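**Q** got a sequence here, can you model it:
(one chain, ligands or ions: 2)
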Amino acid sequence: MFKVLVSDPISDFGIQQLMDAPDVQVDKNTGLSEDELVAIIGQYDALLVRSQTKVTPRIMEAGTKLRVIGRAGVGVDNIDLQAATQRGIIVINAPDGNTITTCEHAFAMMMAIARHIPQAYEKTIKGIWDRKSFLGVELRNKTLGVLGMGRIGSEVAKRAKAFGMNIIGYDPFMTDERADKLGIKLGSVDDIIRQADFITVHTPLTPETKHMIAGPQFEVMKPGMRIINCARGGVIDELALVEAIDRGIVAGAAFDVFEVEPPAPDHPFLSNPNIIVTPHLGASTVEAQENVAIDVSEQVICILRGQPFKNAVNMPPVPADVLNKIQPYFDLGEKLGIFVSQLSKGPVVEIIVNYSGELAEVDTQPLTRYIVKGVLQQHLGSNVNVVNSMHLAKVRDINILVQKSHVTKGFTNLITVTLRTNEDERLVAGTLLNGYGERIVQIDKYPVDVAPEGHLLLVKHNDKPGMIGSVGTLLGNNDINIATMQVGRKIVGGSAIMVLSVDRAVPKEVIEQLKTTPQINKAKEIVFQ
Ligand SMILES: NC(=O)C1=CN([C@@H]2O[C@H](COP(=O)(O)OP(=O)(O)OC[C@H]3O[C@@H](n4cnc5c(N)ncnc54)[C@H](O)[C@@H]3O)[C@@H](O)[C@H]2O)C=CC1
Ligand SMILES: O=C(O)C(=O)COP(=O)(O)O
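**A** Residues are numbered from 1 along each chain as shown. Ligands and ions are numbered 1, 2, ... in the order given. Below you'll find the predicted structure:
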């Protein structure tokens, strides 16, 4: 008998098939502390959660029988994915079931702040008939900026069109074709910040999206704009928002999610008359809760019974014989993806992977997933993994082309990843060198030899005497230690590339100084985390 623990409130109707399964016993026990969960988790094969239960490494360690964690919803930021993967626990989610519901909540929040509905309600039920304080604005003809045009953002944009709004969308994976299909304008984050009357965010929380709207962004916003966050706390800097409201830049804000949930009783949002809040209700409708619960229940049963399943967030199903041959390349593949995506500009159109040497002889499909994950993860963060990376690329109309060849340029194995975007085409090649481990051996047309680790600084320059000295001096003056250095060039006196491995992050100002140094054409930092 498989034992399943449901530790957050999940729709009974949705988990009915789990409860009816003859080989499954379901226990509902919600609101437990970490210690309480640690005490009981050892008897369970599966854990079903929403966003409330924080599934920590301690809980997983105690969950010696745990095979699957089912997230009845989208965001898996409450589950330590790395710890789950390390322990071989499959994490699954239900990414589609609450899209419309969350979109509708964001829309409700937008209308509520446009017309001061919660504030007017407060007064009216107290017997105060105040019609003066609540002059609203129409949505019609207003510009709505949508940051994050994935499932939810795209649905918000569709509905905003019906309200006669002008929509500017931004998403690193948004192409002109998709924008045209949706009938919206594609803009940069800066366009949205400067032009929008309303901004709504629908991104995951990643290092890149954390505080993507903060002090400097509020400075250049249209006075009187309004802002909505039904995605993840932390995408908008909460304290900077309060200041922007106090200064009259922002007229109203609506938040469903917070940097810390629940927010502390003295959180400044809770006493600000221009901010309305809901307690992470985005996905809370009968329909969405049934959808996501049905979805995870189906998958949990499959996993427990050893049958095929979809939407695993963290684990690729790879046969053992294939795994033995290609596993050593997984990390290199992912790093090549990370490297080439940081090198490129603009929405990705195509990822071309060429396997040569001994890799041309084996099934490399699972390895390609790692490369695609590397490419996508800069923008999708923990939402992309080796199981869903191909699917996420497909829904973004990114073509994946895999080629095999026997031209190895002298290496026993070689992986070449070319990224085509709307703006450029960049190439990175890497190999596993016996005794030396992972090496990047080509960047665009330049041969190099560098380990893909830590912080790399790429400097494109003219092949003239003194270049190494000027770069070294500039970094030295800024207290940046160089660990290794490589210069690659095609012809003497032509263009060349310098690849420096440095001990810490290179500040933006130093990159700017490098770019303005004579004979230097480009400078870029590549980070492997
Ligand atoms: N309030 C709530 O109860 C709910 C919140 N959510 C949250 O809403 C968010 C969106 O969910 P979905 O649309 O289902 O996810 P999704 O993965 O379909 O879309 C997210 C989009 O954000 C984009 N993105 C990543 N970095 C970006 C950046 N720097 N700038 C602009 N766009 C960027 C990605 O390319 C992706 O297309 C997630 O954070 C999810 O956890 C989802 C459901 C319910
Ligand atoms: O699905 C998501 O990402 C959500 O944020 C919904 O969270 P919840 O299931 O309502 O706790």
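**Q** contact distance from ligand 1 - what residues of the chain qualify?
**A** 73-75, 95, 98-99, 102, 147-153, 170-173, 202-204, 206, 208-209, 212, 230-232, 256-257, 280, 282-283, 379-380, 383 (C-beta under 6 Å from any ligand atom). Yep, even glycine has a C-beta here, placed from its N, CA and C like the rest.
**Q** and if we set it to 5 Å?
**A** By C-beta under 5 Å from any ligand atom, the residues of the chain that approach ligand 1 are 74-75, 98, 102, 147-148, 150-152, 171, 173, 202-204, 208-209, 230-232, 256, 282-283, 379.
**Q** which of the residues you listed come close to ligand 2?
**A** Answer for the residues of the chain next to ligand 1 near ligand 2 (C-beta under 5 Å from any ligand atom): 74, 75, 283.
**Q** which residues touch residue 176?
**A** Neighbouring residues of residue 176 by C-beta atoms under 8 Å, 6 or more residues apart in numbering: 186, 422.
**Q** what mean pLDDT does stretch 276-295 get?
**A** The average pLDDT within stretch 276-295 is 98.
**Q** again but with stretch 160-177, I slipped
**A** So the average pLDDT for stretch 160-177 ends up being 95.
**Q** what's the spacing between stretch 419-433 and its chain's center?
**A** Here the centre of stretch 419-433 is set off from its chain's centre by 21 Å, with C-alpha atoms, centre = their mean, to the nearest Å.
**Q** also stretch 157-177?
**A** 19 Å.
**Q** now the stretch 351-500 of the chain against ligand 1: closest residue?
**A** Distances between the stretch 351-500 of the chain and ligand 1 by C-beta to the nearest ligand atom are smallest at residue 379, namely 4.1 Å.
**Q** please, which helix or strand holds that residue?
**A** According to DSSP states H and E, residue 379 maps onto helix 365-380.
**Q** look up how far residue 197 lies from residue 327.
**A** Separation of residue 327 from residue 197 (C-beta to C-beta, to the nearest Å): 52 Å.
**Q** show which residues not belonging to stretch 352-371 make contact with it.
**A** Stretch 352-371 has contacts (C-beta under 8 Å, 6+ apart) with 316, 318, 322-323, 325-326, 329-331, 333-334, 336-337, 351, 386-387, 389-390, 400-408, 411-420.
**Q** now the buried members of these.
**A** Neighbour counting by 16 or more other C-beta atoms under 10 Å classes 316, 318, 326, 329-331, 333-334, 336-337, 351, 386-387, 389-390, 400, 411, 413-420 among the contacts of stretch 352-371 as buried.
**Q** so can I have JSON lines of the ones next to ligand 2 among the residues of the chain next to ligand 1 showing neighbour count?
**A** JSON lines is the format used below for these (neighbours: other C-beta atoms under 10 Å):
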{"residue": "74", "neighbour count": "24"}
{"residue": "75", "neighbour count": "20"}
{"residue": "283", "neighbour count": "24"}
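**Q** inside helices: which ones of the buried ones among the contacts of stretch 352-371?
**A** The helices, defined by DSSP state H, take in 326, 329, 330, 331, 333, 334, 336, 337, 389, 390 from these.
**Q** give me every residue that touches the second one.
**A** Listed by C-beta under 8 Å, 6+ apart, the contact set of residue 329 reads 359, 367, 370, 413, 415, 432.
**Q** most widely separated two among those residues?
**A** Using C-beta to C-beta, the contacts of residue 329 span at most 14.7 Å, a distance reached by 370 and 413.
**Q** tell me the one of the ones in helices among the buried ones among the contacts of stretch 352-371 nearest residue 374?
**A** Nearest to residue 374 out of these is residue 337 (C-beta to C-beta; 2.2 Å).
**Q** which residues touch the closest residue to ligand 2 within the stretch 51-200 of the chain?
**A** Minimum separation of the stretch 51-200 of the chain from ligand 2 (C-beta to the nearest ligand atom) falls at residue 73, amounting to 2.7 Å. For residue 73, the contact set (C-beta under 8 Å, 6+ apart) comprises 50, 51, 93, 94, 97, 98, 283, 292.
**Q** out of the residues you listed, who's the most crowded?
**A** Neighbour counts for the contacts of residue 73 (other C-beta atoms under 10 Å) peak at residue 292, which has 27 neighbours.
**Q** does it touch residue 14 like I think?
**A** Yes - using C-beta atoms under 8 Å, residue 292 makes contact with residue 14 at a distance of 6.9 Å.
**Q** next, show the common contact partners of these two.
**A** In contact with both residue 292 and residue 14: residue 72, using C-beta under 8 Å, 6+ apart.
**Q** keeping just the C-alphas, turn the lowest-mean-pLDDT helix or strand in the chain into PDB.
**A** The helix or strand of the chain with the lowest confidence, counting by mean pLDDT, DSSP states H and E, is helix 81-86 at a mean of 81. This file holds the C-alpha atoms of helix 81-86, laid out as PDB (Å, rounded to 0.1, in the frame of the first residue of the first chain):
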ATOM      1  CA  LEU A  81      14.600  21.000  -5.900                       C
ATOM      2  CA  GLN A  82      18.300  20.400  -5.600                       C
ATOM      3  CA  ALA A  83      17.800  18.400  -2.400                       C
ATOM      4  CA  ALA A  84      15.000  16.500  -4.100                       C
ATOM      5  CA  THR A  85      17.100  15.700  -7.100                       C
ATOM      6  CA  GLN A  86      20.000  14.700  -4.900                       C
END
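**Q** and that helix, which residues are buried?
**A** Within helix 81-86, judged by 16+ other C-beta under 10 Å, the buried ones are 81, 83, 84, 85.
**Q** do the same with stretch 178-193
**A** So, applying 16+ other C-beta under 10 Å, buried residues of stretch 178-193: 178, 179, 182, 184, 185, 186, 187, 192, 193.
**Q** check stretch 520-529 too.
**A** Residues of stretch 520-529 classed as buried by neighbour count (16+ other C-beta under 10 Å): 520, 523, 525, 526, 528.
**Q** specify the beta-bridge partners of the first one.
**A** Which is residue 520. Judged by DSSP bridges, the bridge partners of residue 520 are residue 461.
**Q** my guess is it contacts residue 457, does it?
**A** No - here residue 520 does not reach residue 457: they are 11.5 Å apart, not a contact under C-beta under 8 Å.
**Q** one step back: show me which pair in the buried residues of stretch 178-193 is furthest apart.
**A** So, the buried residues of stretch 178-193 by C-beta to C-beta: farthest apart are 178 and 193, at 21.5 Å.
**Q** just to revisit the earlier point, filter the residues of the chain next to ligand 1 to the buried ones?
**A** Buried members of the residues of the chain next to ligand 1, counted by 16+ other C-beta under 10 Å: 74-75, 98, 102, 147-148, 150-152, 171, 173, 202-204, 209, 230-232, 256, 282-283, 379.
**Q** stretch 200-214 - what's its average pLDDT?
**A** Per-residue scores along stretch 200-214 average to 95.
**Q** still on that earlier bit, so can I have a markdown table of the buried residues of stretch 178-193 showing distance to ligand 2?
**A** What follows is the buried residues of stretch 178-193, written out as a markdown table (distance: C-beta to the nearest ligand atom, whole Å):
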| residue | distance to ligand 2 |
| --- | --- |
| 178 | 22 |
| 179 | 25 |
| 182 | 22 |
| 184 | 23 |
| 185 | 27 |
| 186 | 25 |
| 187 | 26 |
| 192 | 22 |
| 193 | 25 |
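**Q** which of those fall within helices?
**A** Those of these mapping onto helices are 178, 179, 182, 192, 193, per DSSP H.
**Q** can you redo those residues as JSON lines with distance to residue 221?
**A** Shown next, in JSON lines, are these (distance: C-beta to C-beta, whole Å):
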{"residue": "178", "distance to residue 221": "26"}
{"residue": "179", "distance to residue 221": "22"}
{"residue": "182", "distance to residue 221": "24"}
{"residue": "192", "distance to residue 221": "10"}
{"residue": "193", "distance to residue 221": "6"}
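**Q** alright, calling it a day.
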